[in-house]
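Chemist: Got a predicted model here, sequence first, then my questions.
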Amino acid sequence: MSDSIIIGVDHGYAAMKTAHFAFPSGLVAYEHEPYTLSNVLEYGGKFYVVGSGRQPLQKDKTQAEDYYLLTLAAIAKELEYRNAGTMADVHLATGLPLTSFGRDKKAFRDYLCRDGKPVSFRFEGLDYTITISKVSLYPQGYAAVLTQSGLLNEPSVIVADIGGWTVDLMRLDNGIPNASTCRSLELGMIRCMDETKEQIRRDIGLSVTDAQVERVLAGKPCSMDEDARSIIRKQGRIYTERLLSAAMESGFDLKAIPVVMLGGGATVVKSNVSPQDGLCRVFALPDDKVNAEGFERILGQFAGRLGSG
C-alpha cells in the first residue's frame, strides 16, 4: 500500500476528471501517428487523440475499451503533474452512482484492474509502464460532500450530481447515504446544451458550439451574437426549472432540505436560483474535479489508518 500512488479518477460521460485535471471524454482512433503529440495516447499499436468531443451514452462503461484508455491518459497526466515518473504502481480511487453501485462495482473494478498486470503505453511522447494494483470504489456525490466538512453538520442534505447524461440524486441523513432515496434522472447537461443549440438554430439560424454554450451558461466571457446569448440564458433557466421539478416529482422536497449540487451543471442551476424564488436552498460545488478529490481523500484517510494501526 505504501509504495502505491493513490490517484482519483471520475469517469464522466462528458468529461474525465482527476484531482488536478478535467478533459472531455471523447476519444478518436488513428491507424497512423497524428500530426501532434498533444493528448495523444499510443496503445496496442494504435493512436488515440484524447479529449476530442464526448462519449456516447453507454449504460455499461465496461463494454468498450474507451474508458480504460481514458483512464490511462488520466493517470499519465497525474503522474507528470506530481513528478512521479513514468513507472508506477497505482491504487485507483474511483466511483459509481449509488443507484448502480452494488450491481456494477465488481465488473468496473475488474475492467480497470486487468488482473493487476503491468501495462505499457505512450502518452504525449513519454513511455509509461503502470500497474493498477488495486481499485477502490466509492459512491459518486457522497465522496464529494465528504470534502466539505461544514455540510456534514446538516441533519439532512440532498446531493445532486449533475453530470453529462444523468443527474444522480440521493439524501444524506446525519452524513450517511440513504440508499432507498437514490434516483437517476436522464437530465444531464448534454441534453441542456443540445436543446439550446437547436433552439438557436431554429430562432436565428446560427450554429453555435458546445464550448460557446458552456461558457455563457457558466457566466464566463464569450464573444458571440447577443440574440444567441439571450437564448442560452433563457434555456439555462428552463433547464433549471425542469430539473428542480423532476427532482420534486421523484420525492425530494427541495424547499425543506438544503441541496448540495455538484458536477458540470451546478453553476448553471446556482445562477438560475435566487432566495426570492423560494425554489430551493442550493450549496454549489462548482469545481468539476470535486468527486475525484473526494475519492482520493477517502482512500488516503483509510490508507493512513491502516498504516498507523
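Modeler: Structure received. Numbers count the residues shown, from 1 in each chain.

Chemist: would you list every one of the helices in the stretch 101-250 of the chain?
Modeler: Listed in chain order, the helices of the stretch 101-250 of the chain (DSSP state H, counting those that start in this stretch) span residues 101-113, 142-145, 189-204, 210-217, 226-249.

Chemist: highest average neighbour count across these?
Modeler: Most buried of the helices of the stretch 101-250 of the chain by mean neighbour count (mean count of other C-beta atoms under 10 Å) is helix 142-145; its value is a mean of 25. Placement of C-beta: from N, CA and C, glycine included.

Chemist: Would you mind pulling up the elements that that helix packs against?
Modeler: Helix 142-145 is packed against strand 156-162, strand 167-173, strand 259-263, helix 290-308, with contacts defined by 3 or more C-beta pairs under 8 Å, 6 or more residues apart in numbering; DSSP states H and E.

Chemist: Which SSE is immediately downstream of the shortest one?
Modeler: Sequence-wise, the next helix or strand beyond strand 259-263 is helix 266-271, with elements assigned using DSSP states H and E.

Chemist: Quick check: mean pLDDT of that following helix?
Modeler: Rounded to a whole number, the mean pLDDT of helix 266-271 is 88.

Chemist: by contact count, what packs against that helix?
Modeler: Helices and strands touching helix 266-271, by 3+ C-beta pairs under 8 Å, 6+ apart, are strand 156-162, helix 226-249, strand 282-285.

Chemist: hang on, the earlier thing: can you say which of the helices and strands packed on helix 142-145 is nearest to residue 131?
Modeler: For the helices and strands packed on helix 142-145, proximity to residue 131 was assessed by C-beta to C-beta; helix 290-308 is nearest, at 16.6 Å.

Chemist: which residues does residue 37 contact?
Modeler: 124, 125 (C-beta atoms under 8 Å, 6 or more residues apart in numbering).

Chemist: 10 Å instead, please
Modeler: The contact partners of residue 37, by C-beta atoms under 10 Å, 6 or more residues apart in numbering, come to 47, 122, 123, 124, 125, 126.

Chemist: Out of these, grab the one that's most surrounded.
Modeler: Within the contacts of residue 37, neighbour counts (other C-beta atoms under 10 Å) peak at residue 123, which reaches 24 neighbours.

Chemist: What is the three-state secondary structure of the residue nearest to it when sequence neighbours are not counted?
Modeler: Counting by C-beta to C-beta, 6 or more residues apart in numbering, the nearest residue to residue 123 once its immediate chain neighbours are dropped is residue 76, at 3.9 Å. Following DSSP: H, G, I helix; E, B strand; the rest coil, we place residue 76 in the helix state.

Chemist: now, of the helices and strands packed on helix 142-145, which is deepest in the fold?
Modeler: Neighbour counts (mean count of other C-beta under 10 Å) averaged over each of the helices and strands packed on helix 142-145 peak at strand 259-263, with a mean of 26.

Chemist: Am I right that residue 106 is in contact with residue 100?
Modeler: No. Using C-beta atoms under 10 Å, residue 106 is not in contact with residue 100, being 11.8 Å away.

Chemist: Model confidence for residue 214, exactly?
Modeler: Predicted confidence (pLDDT) for residue 214: 89.

Chemist: ok, it to residue 70 distance?
Modeler: 20 Å (C-beta to C-beta, to the nearest Å).

Chemist: Select from the helices of the stretch 101-250 of the chain the stretch with the lowest mean pLDDT.
Modeler: helix 142-145 (a mean of 86).

Chemist: what's next to that helix, contact-wise?
Modeler: Contacts for helix 142-145 (C-beta under 10 Å, 6+ apart): 8, 10, 93-95, 98, 101, 137-139, 151-152, 154, 157, 159, 161, 170, 172, 175-177, 260, 262-263, 283, 285, 287, 289-299.

Chemist: residues near residue 250, how many?
Modeler: When neighbours are defined as other C-beta under 10 Å, residue 250 has 14 of them.

Chemist: mind checking how far the nearest residue to residue 143 once chain neighbours are set aside is from residue 91?
Modeler: Using C-beta to C-beta, 6+ apart and skipping the chain neighbours, the partner closest in space to residue 143 is residue 294 (3.2 Å). With distances taken as C-beta to C-beta, residue 294 is found 15 Å from residue 91.

Chemist: per-domain residue ranges of the chain.
Modeler: Structural domains of the chain, as assigned by automatic domain parsing, span the residue ranges 5-139, 142-288.
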